[in-house]
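Visitor: mind looking at a prediction? Sequence and model below.
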Amino acid sequence: AVQLVDVPVYWWLLTDASGRVALGVLKDGSIYIAKALQSVLTMGGVTLDASWSQTGRLFAVVDSAGRIGIELREDGTLTGKIEAAEVVAARGSRADLDTRLSVTLTDYGYATRYVHGEWLLREPRLRIRKRQMSEAQQLVVAAIGDSWTQAGDRYCKTVWTGLKAASAMNGDAGPGWVGFGFYNVGGTGINAGVDSTPGVSFSNGDDWAITDYNAVPSPDICATRTSVVGTSITVSSGPASCSAVKLFYVATGSGSIQYRWNGGGWNGLALSGAVGSLQVATLTGLPAGTWSLEIQTVSGTCCLAGVDVQKTTDGVRFHKLGGSGSRTTHWAAVSASDWQSGLAALAPNLVVVCLGTNDQFGTAVATYKAGLQTMIDRIRAALPSTDILLLAPCENQSVSVKTAPMAEYQAAMFELAVANRCAALNLQHVFGDAAADYAFGSTRPWFSSDTIHPDPQTGGRVIADAILRVITSL
């Protein structure tokens with residue numbers, strides 16, 4: 001008979017009926033093989049096969065049917081089933097240790113919680129705490145993403161409102177980015193800002209092109225251009241007590257504009273700079289009270305991206321940088337140096353990245369992961385002290401062909417969060433286990449009827465709540 005015997009210095013031994021040791025694994029990790037072991041040694045129906053004719057194998061424990069129970073390979077790998085007392089204890093009431101660990105750990109090794117690394121959001125925590133102590137402080141947030149972010153009422157506006165509240169930053173430091181890019185011919189689908197004020201309109205939307213949408217190195221990778229002289233963009237309902245309005249444009253080598261406040265006198269501005277580069281100009285003459293800003297083309301081709309509206313007051317400023325339909329590949333494709341300079345000009349302390357829904361329809365997971373890594377690298381290079389929160393969308397209910405389940409994109413995002421020391425939030429755990437749990441028309445209708453977007457009044461509120469809890473610990 002062959003016996004497995006547990007003795008103090010061994011994890012286990014393989015012995016015959018007389019107690020002679022053929023094979024043993026010591027507790028220091030060493031493997032003992034009896035000198036008497038030849039090419040093949042049979043003990044009670046179990047065979048120790050040490051034949052060198054089997055490439056890559058030093059020996060194997062084989063039963064009479066030829067099934068391998070334990071084998072030691074030439075590279076030092078030992079395969080088989082070992083049940084030491086500590087392993088048995090560690091598996092608890094589960095069938096094996098893997099079953100127990102897989103409940104709380106992914107294959108990659110990070111915890112299967114809905115949030116990872118909230119302690120890495122150092123800047124928001126510091127700034128919120130300073131405001132709670134009535135100390136002077138601003139928090140600047142930039143939310144990067146696709147249509148989930150582009151439409152401010154889906155979650156951005158609620159997060160911005162929550163951060164302005166007395167329980168968080170207790171103040172308004174300006175509406176931030178107001179984007180001029182739009183995705184529908186005729187000047188509709190405008191990116192604009194986190195709120196409806198300031199609003200954006202075009203004197204003739206048909207004069208402005210959509211070819212620069214998700215394609216230029218502005219902060220939201222969008223802009224609009226025209227060569228029609230005399231056409232204009234108006235930013236209306238600007239708040240009082242602003243400290244600066246900065247115009248972002250892409251230089252074309254020929255453009256010039258004029259601008260005016262509240263219908264007053266015109267100020268001229270040449271849109272200078274290397275062709276294709278992103279430029280920033282602070283507009284002069286900003287009124288102290290409420291305002292409207294009209295920008296009119298004078299000559300050449302003008303490519304205008306948006307304005308950053310700032311206040312010096314304590315509180316939060318929120319840059320909504322969403323391009324409808326955008327994928328990680330769009331963001332990674334624009335000029336790194338120009339996009340970084342634009343983001344640095346906005347000076348966020350926290351960048352939230354929410355991408356994946358559009359990537360799911362045509363972008364391989366590996367490509368998505370590489371694009372997201374590029375974005376993280378660029379943010380860190382431009383703003384070394386800025387914190388990053390990666391926001392993984394939940395599975396949608398679209399019946400269109402998908403490249404991979406959303407779970408694979410979520411896993412890729414979380415792996416990057418761990419590797420790059422970013423915080424991450426998985427909306428799948430917040431919404432439900434399956435898309436049917438929160439689908440439009442279900443008992444918990446948190447998605448819109450288009451099956452792609454969260455409903456602003458339900459799913460949007462859930463997203464905002466999860467973000468605010470991670471940022472503020474409220």
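Guide: Happy to help now that I have it. On a predicted model such as this, the values are computed, not experimentally measured, just so you know. Residues are numbered from 1 along each chain as shown.

Visitor: tell me which strands and helices the helix ranked longest in the chain is in contact with?
Guide: Assignment by DSSP state H gives helix 365-382 as the longest helix of the chain. If contacts are counted by 3 or more CB pairs under 8 Å, 6 or more residues apart in numbering; DSSP states H and E, helix 365-382 sits against helix 328-333, helix 336-346, strand 350-354, strand 387-392, helix 406-420. Glycine gets a C-beta too; all of them are placed from N, C-alpha and C.

Visitor: low-confidence stretches in this protein?
Guide: 1-23, 26-67, 69, 74, 81-87, 101-113, 474 (pLDDT under 70).

Visitor: how close does the residue nearest to residue 398 when sequence neighbours are not counted get to residue 326?
Guide: Once flanking residues are discounted, residue 398 sits nearest to residue 451: 4.9 Å by CB to CB, 6 or more residues apart in numbering. To residue 326, residue 451 is 19 Å away according to CB to CB, to the nearest Å.

Visitor: how near is the residue nearest the centre of the chain to residue 255?
Guide: Compute the mean C-alpha point of the chain, and by CA atoms, centre = their mean the closest residue is residue 390, 2.9 Å away. Separation of residue 390 from residue 255 (CB to CB): 37 Å.

Visitor: check residue 303 too.
Guide: Using CB to CB, we find residue 303 at a distance of 7 Å from residue 255.

Visitor: got any residues that touch both of those two?
Guide: Residues touching both residue 303 and residue 255 (CB atoms under 8 Å, 6 or more residues apart in numbering): 249, 271.

Visitor: show me where the protein has helices.
Guide: 85-90, 97-101, 122-132, 147-150, 156-164, 328-333, 336-346, 365-382, 406-420, 427-431, 459-472.

Visitor: which of those sits closest to residue 279?
Guide: helix 336-346 (9.0 Å; CB to CB).

Visitor: next, count neighbours for residue 210.
Guide: Residue 210 has 20 neighbours, counted by other CB atoms under 10 Å.

Visitor: where do the strands sit along the stretch 201-350 of the chain?
Guide: 224-226, 232-238, 244-250, 256-261, 267-270, 278-282, 291-299, 302-310, 315-322, 350-354 (DSSP state E, counting those that start in this stretch).

Visitor: and residue 143, which of the ones you listed is closest to it?
Guide: Comparing the strands of the stretch 201-350 of the chain by CB to CB, strand 350-354 comes nearest, at 4.6 Å.

Visitor: hang on, the earlier thing: could you dump the strands of the stretch 201-350 of the chain into JSON lines and include distance to residue 386 and mean neighbour count?
Guide: Putting the strands of the stretch 201-350 of the chain into JSON lines (distance: least, CB to CB, whole Å; neighbours: other CB atoms under 10 Å) gives the following:
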{"stretch": "strand 224-226", "distance to residue 386": "28", "mean neighbour count": "24"}
{"stretch": "strand 232-238", "distance to residue 386": "27", "mean neighbour count": "19"}
{"stretch": "strand 244-250", "distance to residue 386": "19", "mean neighbour count": "22"}
{"stretch": "strand 256-261", "distance to residue 386": "30", "mean neighbour count": "18"}
{"stretch": "strand 267-270", "distance to residue 386": "30", "mean neighbour count": "14"}
{"stretch": "strand 278-282", "distance to residue 386": "18", "mean neighbour count": "19"}
{"stretch": "strand 291-299", "distance to residue 386": "28", "mean neighbour count": "19"}
{"stretch": "strand 302-310", "distance to residue 386": "16", "mean neighbour count": "26"}
{"stretch": "strand 315-322", "distance to residue 386": "12", "mean neighbour count": "28"}
{"stretch": "strand 350-354", "distance to residue 386": "6", "mean neighbour count": "25"}
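
Visitor: distance to residue 159 added to those, as a markdown table?
Guide: As requested, the strands of the stretch 201-350 of the chain are arranged in a markdown table below (distance: least, CB to CB, whole Å):
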| stretch | distance to residue 159 |
| --- | --- |
| strand 224-226 | 26 |
| strand 232-238 | 21 |
| strand 244-250 | 23 |
| strand 256-261 | 30 |
| strand 267-270 | 33 |
| strand 278-282 | 25 |
| strand 291-299 | 26 |
| strand 302-310 | 18 |
| strand 315-322 | 7 |
| strand 350-354 | 8 |
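
Visitor: of all the ones you listed, which one is nearest residue 169?
Guide: strand 315-322 (4.3 Å).

Visitor: can I get that closest one in CSV, CA atoms only?
Guide: Extracted as CSV, the C-alpha positions of strand 315-322 are listed here (Å, rounded to 0.1, in the frame of the first residue of the first chain):
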residue,chain,number,x,y,z
GLY,A,315,-15.7,76.6,-3.8
VAL,A,316,-15.8,74.3,-6.8
ARG,A,317,-15.3,74.8,-10.5
PHE,A,318,-16.5,71.9,-12.8
HIS,A,319,-15.2,71.3,-16.3
LYS,A,320,-17.6,69.0,-18.3
LEU,A,321,-15.3,67.6,-21.0
GLY,A,322,-17.6,65.1,-22.8
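
Visitor: more neighbours: residue 451 and residue 326, which one.
Guide: Ranked by neighbour count (other CB under 10 Å), residue 451 and residue 326 place residue 326 first, with 27 against 15.

Visitor: state the distance from residue 323 to residue 148.
Guide: Distance from residue 323 to residue 148, by CB to CB: 11 Å.

Visitor: show me the contacts for residue 254.
Guide: 299, 300, 301.

Visitor: sorry, slip of the keys, the one I care about is residue 195.
Guide: By CB under 8 Å, 6+ apart, the residues touching residue 195 are 152, 157, 160, 175.

Visitor: quick one: neighbours of the second one, just the number.
Guide: The local packing of residue 157 (other CB under 10 Å) involves 20 other residues.

Visitor: any idea how far residue 193 is from it?
Guide: With CB to CB as the criterion, residue 157 and residue 193 are 9 Å apart.

Visitor: for the last one, same thing?
Guide: For residue 175, the distance to residue 193 (CB to CB) stands at 5 Å.

Visitor: what touches both of the two?
Guide: residue 309.

Visitor: now the longest helix of the chain against strand 350-354, angle please.
Guide: 170 degrees (axes from the mean of the first three to the mean of the last three CA atoms, to 10 degrees).

Visitor: with just CA atoms, put helix 365-382 into PDB.
Guide: Extracted in PDB, the C-alpha atoms of helix 365-382 (Å, rounded to 0.1, in the frame of the first residue of the first chain):
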ATOM      1  CA  VAL A 365     -10.600  45.400 -24.900                       C
ATOM      2  CA  ALA A 366      -6.800  45.500 -25.400                       C
ATOM      3  CA  THR A 367      -7.100  48.600 -27.600                       C
ATOM      4  CA  TYR A 368      -9.400  50.200 -25.000                       C
ATOM      5  CA  LYS A 369      -7.000  49.400 -22.300                       C
ATOM      6  CA  ALA A 370      -4.000  50.900 -24.200                       C
ATOM      7  CA  GLY A 371      -6.000  54.100 -25.000                       C
ATOM      8  CA  LEU A 372      -6.900  54.500 -21.400                       C
ATOM      9  CA  GLN A 373      -3.300  54.000 -20.300                       C
ATOM     10  CA  THR A 374      -2.300  56.700 -22.800                       C
ATOM     11  CA  MET A 375      -4.800  59.100 -21.200                       C
ATOM     12  CA  ILE A 376      -3.600  58.300 -17.700                       C
ATOM     13  CA  ASP A 377       0.000  58.900 -18.800                       C
ATOM     14  CA  ARG A 378      -0.800  62.200 -20.400                       C
ATOM     15  CA  ILE A 379      -2.800  63.500 -17.400                       C
ATOM     16  CA  ARG A 380      -0.100  62.500 -15.000                       C
ATOM     17  CA  ALA A 381       2.600  64.100 -17.200                       C
ATOM     18  CA  ALA A 382       0.600  67.400 -17.500                       C
END
